[in-house]
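*Asks:* structure for this input, please:
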Amino acid sequence: QVQLVESGGGLVQAGGSLRLSCTASGRTFSSYTMAWFRQAPGKDREFVAAISWRGGSTRYTNSVKGRFTTSRDNAKNTVYLQMNSLKPEDTAVYYCAAKIGVIITTIQYDYWGQGTQVTVSS
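*Replies:* Residues are numbered from 1 along each chain as shown. This next block holds a predicted model:
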């Protein structure tokens with residue numbers, strides 16, 4: 001069992017930056033592929049970024065490429081999402097998720113955090 005807790009959300013002006021963190025419980029964090037999803041009001045939850053269990057492979061949705069970076073520190077059981085050049089359309093609740101195995105961009109992850117709100121004002 002893995003429990004995930006996100007932090008770092010908030011209100012930021014367009015063009016600004018935020019760094020989200022997701023800390024996992026359990027001693028097997030390093031075995032999990034970690035991902036970030038987001039959900040805006042009235043919209044489906046969408047894939048944002050993911051990182052493989054060793055951190056050697058990452059994947060991003062097209063709309064955030066070049067602006068967002070995901071990384072992980074397995075010694076701290078934490079995955080990060082650095083978000084730069086934020087836009088109003090990035091406003092959403094951001095969730096981290098975990099699964100064993102390869103990166104996927106659909107919601108079939110086994111464990112989810114409670115989410116953290118990111119609001120970008122224009």
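*Asks:* mind pulling up the pLDDT for G26?
*Replies:* pLDDT recorded at G26 is 77.
*Asks:* separation between it and C96?
*Replies:* 14 Å (Cβ to Cβ, to the nearest Å). To be clear about C-beta, it is placed using only N, CA and C from the backbone, and glycine gets the same treatment.
*Asks:* what residues are up against the residue nearest to T78 when sequence neighbours are not counted?
*Replies:* Counting by Cβ to Cβ, 6 or more residues apart in numbering, T78 lies nearest to T23, which is 4.9 Å off, once chain neighbours are set aside. Shown in contact with T23 (Cβ atoms under 8 Å, 6 or more residues apart in numbering): 4-5, 7, 76-78.
*Asks:* who wins on neighbours among these?
*Replies:* L4 (24 neighbours; other Cβ atoms under 10 Å).
*Asks:* who's that residue bridged to?
*Replies:* With DSSP bridges as the criterion, L4 is bridged to A24.
*Asks:* tell me the pLDDT of the residue most central in space within the chain.
*Replies:* With distances taken as Cα atoms, centre = their mean, W36 lies nearest the centre of the chain, 2.6 Å away. The model reports W36 with a pLDDT of 98.
*Asks:* L81 is in contact with that one, correct?
*Replies:* Yes. Between W36 and L81 there is a contact at 4.9 Å, judged by Cβ atoms under 8 Å.
*Asks:* G26 and C96: which has the busier surroundings?
*Replies:* Neighbours were counted for G26 and for C96 using other Cβ under 10 Å; C96 has more, 31 against 14.
*Asks:* strands of the chain, start to end?
*Replies:* Taking DSSP state E as the criterion, the chain contains strands spanning 4-7, 10-13, 18-24, 32-39, 46-51, 58-60, 68-73, 78-83, 92-100, 111-112, 116-121.
*Asks:* for the contacts of T23, give me a markdown table that also has distance to I100 and pLDDT.
*Replies:* Shown next, in a markdown table, are these (distance: Cβ to Cβ, whole Å; pLDDT from 0 to 100):
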| residue | distance to I100 | pLDDT |
| --- | --- | --- |
| L4 | 14 | 97 |
| V5 | 20 | 97 |
| S7 | 24 | 97 |
| K76 | 20 | 94 |
| N77 | 16 | 94 |
| T78 | 18 | 96 |
